[in-house]
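Novice: coords below, sequence missing:
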Ligand code: RUB
C-alpha cells in the first residue's frame, strides 16, 4: 500500500506539534482515515481494512499521551466493524468511514462548545482565573463566561519549553479579556489572587487522575494548598479505556533541544536533560471535571468510561 502524502504530512505535523492540543490531534487523526479511503485502490474489503490499519498505526504512534487520538480512531473503527456485519462492498465501507469521520469531527467540536456553556456557569462575575498551556476546552469555558459579560481576569502561564501560553494570551486578548502572562514558576506567588484554575486534558484515567501538560500537577498542588478551585475541561473522548484494563498512560518524552540548544548544553558541561511533555495530577487535587455530558467529580471517570466504551475495549492494536 502507498501511504498518501497527505497522511504522512498530517502525521508529521502532529509529531512536530504544528497540529497540537488533544482535541485538534484527534480530529486530524480521524481525517487521515478519510484521506486513506479517498486515495485507496483496494479491490477487496480486506485490502481496504489493511490500509486503514496501516494509517491508524502511523497516526497512533505520533504522540503517545493524547488518548483522544486512539479514541478518535476507535470511534470510526467501531462504525466500520458494525458495517462489516452486513457484508458491505468496498464503496459502501468507504462511505461508512467518510460519514464516521464527519460525525466524530462535528461531535467533538460540539463537545468543546457544550463544555464552554456548562463550565461558564461556574465562573462568577469578578473572578480571577488561571490557565496553563493552551487548551481549547478550557478556553471555551473562559470565552463563554466573557461572552456572558462576566468581568473576568486571566493569568496565563508561559508553559515552558514550547510556550503554548503565548497562544492562550493571543486568543484571550483577541476576545478583549484582561490577561497577565507569568512564568511557570510564578504560579505559587500569584495563586492567592486566583479564584479558579482551569486546565484541559490529554487523558483522564479510570481512577480520575489527569494527564496534561507538564506543570499542571504543580498548578493543582499549589491551588489545593491555597484553597483555590481546580477545574478540568475535558471531552469524554479524553478518558482512557486502556486504563480500565490496567494499562498506564505513557508520558511522552520529547527532544531535549526543546529545552536547551546543543551549544549551551556543551558550555554547561553536558548535564543530563529530561523533557517530559506531560505530568499526572492525582484525582484528590481536582474539584471537578467539566465534560460535554455534564460536570462530574474525578471519581466518576470510571462511570464515563463504562458508558462510552464498555468493559473490554482497551486494545489499541486491534482497532480495525
Ligand atoms: C496540550 C495540552 C492541552 C490538552 C488539552 O499539549 O496539554 O492542555 O491537550 O487541549 P501540547 P484541548 O501542546 O503538547 O499538545 O482542550 O485543546 O484538547
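Specialist: Perfect, thanks for sending it. Source: prediction; values computed, not measured.

Novice: Could you tell me how far residue 282 is located from the ligand?
Specialist: As judged by C-beta to the nearest ligand atom, to the nearest Å, residue 282 and the ligand stand 17 Å apart. All C-beta spots, glycine's among them, are computed from the backbone N, C-alpha and C.

Novice: Check residue 168 too.
Specialist: Relative to the ligand, and taking C-beta to the nearest ligand atom, residue 168 is found at 10 Å.

Novice: Please state the offset of the lowest-mean-pLDDT helix or strand in the chain from the chain centre?
Specialist: Across the helices and strands of the chain, mean pLDDT, DSSP states H and E gives its lowest value to helix 301-309, namely a mean of 93. Here the centre of helix 301-309 is set off from its chain's centre by 17 Å, with C-alpha atoms, centre = their mean, to the nearest Å.

Novice: which other residues reach it?
Specialist: 74, 204-208, 236-237, 239-241, 243-244, 283, 289, 291, 293, 296 (C-beta atoms under 8 Å, 6 or more residues apart in numbering).

Novice: Now do the domain split for this protein, please.
Specialist: 5-114+313-318, 115-309 (automatic domain parsing).

Novice: The helix or strand containing residue 211 near the ligand at all?
Specialist: Element membership for residue 211, per DSSP states H and E: strand 210-213. Yes - Strand 210-213 is in contact with the ligand by C-beta under 6 Å from any ligand atom, via 212-213.

Novice: which secondary structure elements does the helix or strand following that strand contact?
Specialist: Downstream of strand 210-213, the next assigned helix or strand under DSSP H and E is helix 216-225. Packing partners of helix 216-225 (3 or more C-beta pairs under 8 Å, 6 or more residues apart in numbering; DSSP states H and E): helix 187-190, strand 196-199, strand 229-233, strand 278-281.

Novice: okay, the ones you listed in TSV with mean neighbour count and mean pLDDT next?
Specialist: TSV is the format used below for these (neighbours: other C-beta atoms under 10 Å; pLDDT from 0 to 100):
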stretch	mean neighbour count	mean pLDDT
helix 187-190	16	98
strand 196-199	26	98
strand 229-233	24	99
strand 278-281	21	98
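
Novice: Narrow the contacts of helix 301-309 to those in helices?
Specialist: Among the contacts of helix 301-309, the members found in helices (DSSP state H) are residue 74.

Novice: now, which of the contacts of helix 301-309 lie within strands?
Specialist: Counting by DSSP state E, the contacts of helix 301-309 place 204, 289, 291, 296 in strands.

Novice: Counting neighbours, what do you get for the third one?
Specialist: Residue 291 has 28 neighbours, counted by other C-beta atoms under 10 Å.

Novice: Same check on residue 272?
Specialist: For residue 272, the neighbour count with other C-beta under 10 Å is 6.

Novice: how would you label it: helix, strand or coil?
Specialist: For residue 272, the assignment made with DSSP: H, G, I helix; E, B strand; the rest coil gives coil.

Novice: coming back round to it: between the ones in strands among the contacts of helix 301-309, which sits nearest the ligand?
Specialist: residue 204 (10.8 Å; C-beta to the nearest ligand atom).

Novice: ok, that closest one - contacts?
Specialist: Neighbouring residues of residue 204 by C-beta under 8 Å, 6+ apart: 67, 210-211, 232, 234, 238-240, 289, 298, 301.

Novice: Out of the residues you listed, which two are the most distant from each other?
Specialist: 67 and 298 (15.5 Å; C-beta to C-beta).

Novice: between the two, which one's more packed in?
Specialist: The residue with more neighbours, out of residue 67 and residue 298, is residue 67; 27 against 22, by other C-beta under 10 Å.

Novice: I figured the more buried one was touching residue 240, is that so?
Specialist: Yes - with contacts counted by C-beta atoms under 8 Å, residue 67 reaches residue 240, the gap being 4.2 Å.

Novice: Common neighbours of those two, please.
Specialist: With contacts defined as C-beta under 8 Å, 6+ apart, the residues shared by residue 67 and residue 240 are 203-204, 249.

Novice: and the contacts of helix 301-309, which are buried?
Specialist: If you count burial by 16 or more other C-beta atoms under 10 Å, the buried members of the contacts of helix 301-309 come out as 74, 204-206, 208, 236-237, 239-241, 243-244, 283, 289, 291, 293, 296.

Novice: any low-confidence regions in the stretch 201-320 of the chain?
Specialist: Applying pLDDT under 70 to the stretch 201-320 of the chain flags residues 311-318.

Novice: Close to the ligand: what parts of it are there?
Specialist: Checking the stretch 201-320 of the chain against the ligand by C-beta under 6 Å from any ligand atom, the hits are 201-202, 212-213, 277.

Novice: who touches residue 169 in this structure?
Specialist: 156, 179, 181.

Novice: going on from the one helix or strand it maps to, what's the next piece of helix or strand?
Specialist: Per DSSP H and E, residue 169 falls inside helix 164-174. Downstream of helix 164-174, the first helix or strand assigned by DSSP H and E is strand 178-182.

Novice: quick one: average confidence on the helix holding residue 169?
Specialist: Averaged across helix 164-174, pLDDT comes to 98.
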